[in-house]
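> This is a predicted model, with the sequence first.
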Amino acid sequence: MNTATIWRTTLAQLDTTPIDALTKTWLQEAHLVELAPDALHDLAPDISEQGLLAFALQVPNDLAGDIIATRWQQLLEDVLKDVLGQPVALVVRASSHAAPVPETLPPIHEREREREPQAPRPPHSARQSHSGQHNNNHSGNGYYDIASRSPTQSEFSYASPETLEDWENEQRANMLAHNRLNARYTFDAFIVGNSNRLAHAASLAVAEAPGESYNPLFLYGGVGLGKTHLLHAIGHQGVQTGLAVLYVSSEQFTNEIVNAIRYRTTEEFRAKYRSVDILLVDDIQFIAGKESTEEEFFHTFNSLYEMSKQIVICSDRPPKAILSLEERLRSRFEWGLIADIQPPDLETRMAILRVKADLLHYHVPDEIIAYIAGRVQTNIRELEGCLNRLMAYQQLHRVELTMDVARSAISSLGTDTREPTLNSRQIAQAVADYYHISLEAMCGKQRDKYIVTPRQIAMYLIRQETSTSLLEIGQLFGGRDHSTVLHSCEKIDRTINVNQTLRREILAIREQLLRE
Ligand SMILES: Nc1ncnc2c1ncn2[C@@H]1O[C@H](COP(=O)(O)OP(=O)(O)OP(=O)(O)O)[C@@H](O)[C@H]1O
């Protein structure tokens, strides 16, 4: 292995360790150079070189040198030791202090044989072509550059901070810049419907007053329903107001803590997570049962909470249903607000498709939008996928976008969407079953409240989930006229915004229908 490969492997290992972004940039720009044993002694007389492979790490500037040497040297030596399988001594040097270096030496394992009291000399021409003046590979400081030439200070293109304070400011700026937020997931691009109204309103409230309204905010819902989208939207708003925002999946959090424990960098890990203003954690259900991760998350949570920093958590299920989660975490997740996201109704699905098509500058007729929305009922990611496939199909076949084209595009591309299975009668039956009344009574003339409310709910759901006309719905329910049906639908629509029990009952019926 040559030093460039060693360093690349080391960087890959460091990928999930909690090193601040600026230091990572410095490390990416750094060059690893192998040292002759006597050179190590000259540079670091206090290091005993016996049995150690010695390296110098050339970093871009003095500040990088100071910070890497004081905070990360041990970690780098540990990782290098893992990579090479033997102990390593490392000297960190600013490249401005490093003498120019020769160009190639055989890889380490081959060189073990060759290593004589004097280090091997690179070809004369190579030495000259590099510096034009240094013709001795064993330069004053004893550096060998095995794989690549060393960059000069002027080749580092970014502006380096000059003081520790600058560095800290840059760290914060970098956290803002590297917070892993997807630019597309904003509040503006989020379509609100009954299924996600509460989650959206809570997210907006949190984004407007982080740490003040609901802390933590816990969002849960099925696959592809917009949890991550809302998390990022909160993050974007935080960034716009100059807050330090960090988005992390629980998998990344777990990897980071595992590495922090392994490389003894838990202090840095904690410092990173405890310096944010808004922490956004996706898919928290995956930390359940992972003891050290739960432990560390518990402490992170407590310290952010005590400092009134905002925590937003997403999961595919409510805290109570995350079975192996520690009780103390579960109870903390329940301190703030828990908001669910349900599968969107037909109207919301159509609105989402319309917005996505407009964003793509893709003109799709309403009937095709309705067709796709009728086929994909539970997952917005799939809904978007269908639109993309339709566009690709149409462009590939160079045909006009008609209903027939849409049908063949969606079926020929083998989507896992299903035929629209929900029909009015099925929905009416599901509502009657839920309220334990007979379908005949619900569709008849009876005016008792325990029949009237389910009847109105059934009308509302049929209107939401199918394209049945008001007239047809009226006929199904004992020949009522279209204004009665419209009035019933509007009444339910208004009530679910203020009556959580009714809202949950309707969501439960929808869920049941979509499962069938
Ligand atoms: N209400 C909405 N308006 C517009 N786009 C939406 C909405 N809900 C979801 N989406 C889009 O659907 C896709 C999937 O959403 P997202 O990744 O947020 O889902 P999720 O609930 O986090 O899913 P998972 O559980 O798989 O992580 C994204 O492209 C997102 O922009």
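Arrived safely, thanks for sending. Numbering: from 1, shown residues only.
> Up against the ligand, what does the protein have?
Within the chain, the positions near the ligand by C-beta under 6 Å from any ligand atom are 185, 189-191, 196, 221, 223-229, 316, 352, 380-381, 384. Bear in mind the C-beta positions are built from the backbone N, C-alpha and C, glycine included.
> Pull out the buried members of the residues you listed.
185, 190-191, 196, 221, 224-229, 316, 352, 380, 384 (16 or more other C-beta atoms under 10 Å).
> gap between whichever residue of the chain sits closest to the ligand and residue 509?
With C-beta to the nearest ligand atom, the shortest gap between the chain and the ligand falls at residue 226, namely 2.6 Å. Separation of residue 226 from residue 509 (C-beta to C-beta, to the nearest Å): 21 Å.
> rewinding a little: would you mind measuring from the residue of the chain closest to the ligand to residue 191?
Separation of residue 226 from residue 191 (C-beta to C-beta): 9 Å.
> With only the CA atoms kept, save stretch 475-495 in CSV.
Provided in CSV are the C-alpha atoms of stretch 475-495 (Å, rounded to 0.1, in the frame of the first residue of the first chain):
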residue,chain,number,x,y,z
GLN,A,475,-78.6,7.8,-4.9
LEU,A,476,-76.6,5.3,-2.8
PHE,A,477,-78.0,6.8,0.4
GLY,A,478,-81.7,6.5,-0.2
GLY,A,479,-82.0,9.0,-3.1
ARG,A,480,-80.9,12.1,-1.2
ASP,A,481,-80.2,15.1,-3.4
HIS,A,482,-76.7,16.5,-4.2
SER,A,483,-77.0,19.5,-1.9
THR,A,484,-77.6,17.2,1.1
VAL,A,485,-74.6,15.2,0.2
LEU,A,486,-72.5,18.4,-0.2
HIS,A,487,-73.7,19.7,3.1
SER,A,488,-72.8,16.4,4.8
CYS,A,489,-69.3,16.4,3.3
GLU,A,490,-68.6,20.0,4.3
LYS,A,491,-69.9,19.4,7.8
ILE,A,492,-67.5,16.5,8.3
ASP,A,493,-64.6,18.4,6.7
ARG,A,494,-65.2,21.3,9.2
THR,A,495,-65.7,19.1,12.2
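> ok, residues contacting that stretch?
With C-beta atoms under 8 Å, 6 or more residues apart in numbering as the test, stretch 475-495 has contacts from 194, 424-425, 428, 442-445, 455-460, 462-463, 468-471, 473-474, 502, 506.
> Can you give me the buried ones in that stretch?
For stretch 475-495, a neighbour-count test (16+ other C-beta under 10 Å) marks 475-477, 480, 484-485, 488-489, 492, 495 as buried.
> Show me which pair in these is furthest apart.
By the measure C-beta to C-beta, 475 and 495 form the most distant pair in the buried residues of stretch 475-495, at 24.5 Å.
> can you give me the mean pLDDT across stretch 325-343?
For stretch 325-343, mean pLDDT rounds to 91.
> And it, what's buried?
Under the neighbour-count criterion of 16+ other C-beta under 10 Å, stretch 325-343 has 325-326, 329-330, 332-333, 336-343 buried.
> residues of stretch 301-318 that come out buried?
For stretch 301-318, the neighbour count (16+ other C-beta under 10 Å) marks 301, 304-305, 309-316, 318 as buried.
> all helices of the stretch 251-400 of the chain, in order?
For the stretch 251-400 of the chain, the helices defined by DSSP state H, counting those that start in this stretch occupy 266-274, 291-306, 327-333, 346-359, 366-375, 380-397.
> can I get these in CSV with distance to residue 22?
Shown next, in CSV, are the helices of the stretch 251-400 of the chain (distance: least, C-beta to C-beta, whole Å):
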stretch, distance to residue 22
helix 266-274, 12
helix 291-306, 22
helix 327-333, 32
helix 346-359, 34
helix 366-375, 46
helix 380-397, 35
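> of all those, which lies closest to residue 62?
helix 266-274 (21.2 Å).
> I would like the residues contacting the closest one, please.
Here helix 266-274 makes contact (C-beta under 8 Å, 6+ apart) with 17-20, 71, 246, 256-257, 260, 279, 296, 299-300, 303-304, 307.
> What subset of those is buried?
Buried by 16+ other C-beta under 10 Å: 17-20, 246, 256-257, 260, 279, 296, 300, 304, out of these.
> Distance check, residue 361 against residue 220.
34 Å.
> higher neighbour count, the two?
Shown here are residue 361 and residue 220; by other C-beta atoms under 10 Å, residue 220 has more neighbours (23 against 6).
> Which residue is the nearest non-sequential neighbour of the more buried one?
Leaving aside its sequence neighbours, residue 220 sits nearest to residue 315 (C-beta to C-beta, 6 or more residues apart in numbering; 4.7 Å).
> Name all residues that make contact with that neighbour.
Applying C-beta under 8 Å, 6+ apart, we find residue 315 in contact with 218-220, 227, 283-285, 322.
> Any idea which of the helices of the stretch 251-400 of the chain gets closest to residue 209?
Proximity to residue 209, assessed across the helices of the stretch 251-400 of the chain by C-beta to C-beta, is greatest for helix 291-306 (15.5 Å).
> Give me the helices and strands touching the closest one, please.
helix 250-262, helix 266-274, strand 278-282, strand 310-315, helix 327-333 (3 or more C-beta pairs under 8 Å, 6 or more residues apart in numbering; DSSP states H and E).
> Any idea which of the ones you listed gets closest to residue 450?
strand 310-315 (35.6 Å).
> what lines up beside the closest one in the sheet?
strand 217-221 (parallel), strand 278-282 (parallel) (DSSP bridges).
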